[in-house]
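*Asks:* Take a look and give me a structure for this.
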Amino acid sequence: MIYDANIFIDVIDMEIIKALREADYRIYTTSLVTNEIIRTEQKVALSGLQISIYRYDSIEQYADLYAFKDSVHPKKNLSDSDFSVLKLALDMSVPLYTSDAKLRSVARISRILLAVFDF
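*Replies:* I've put the predicted structure just below:
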């Protein structure tokens, strides 16, 4: 499963983080998403999860992300972190979990499997 920042925050706010810890899921995200988790209590809540993070730490990785962004839907007003999880879901062929309506819209256009959380 690929998680965007909204899902991490929703899971924490809804206090179902314990259930997520106990579930036997592999969670993936990107460093651009984890950089959006800024509140200390959110970081502490997520610290107990097994999260694999794809790190964006080179110019080539960012260039690849921006090329993907331009090829998918350049006029959509999504953040780089949103496009990073779209690309990761597409590259890994796994569902993207999001509660963000704009992100879901672009994911559908890109034929990315979605797991919709609509809170």
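
*Asks:* can you map out the strands along the chain?
*Replies:* All strands of the chain, identified by DSSP state E, fall at 2-3, 27-30, 51-54, 96-98, 114-116.

*Asks:* between the ones you listed, which one is nearest to Asp70?
*Replies:* Nearest of the strands of the chain to Asp70, taken as C-beta to C-beta: strand 27-30 at 18.0 Å. To be clear about C-beta, it is placed using only N, CA and C from the backbone, and glycine gets the same treatment.

*Asks:* now that closest one: how far from the chain's centre is it?
*Replies:* Distance of strand 27-30 from the chain centroid (C-alpha atoms, centre = their mean, to the nearest Å) equals 6 Å.

*Asks:* And for stretch 81-97?
*Replies:* Chain-centre distance of stretch 81-97: 7 Å, with C-alpha atoms, centre = their mean.

*Asks:* Flag every buried residue along it.
*Replies:* Residues 81-90, 94-97 are the ones in stretch 81-97 that count as buried (16 or more other C-beta atoms under 10 Å).

*Asks:* Among these, which ones are in helices?
*Replies:* By the criterion of DSSP state H, membership of the buried residues of stretch 81-97 in helices covers Ser81, Asp82, Phe83, Ser84, Val85, Leu86, Lys87, Leu88, Ala89, Leu90.

*Asks:* quick one: low-confidence ranges for the protein?
*Replies:* With pLDDT under 70 as the threshold, the chain has low-confidence stretches at 14, 73-76, 110-119.
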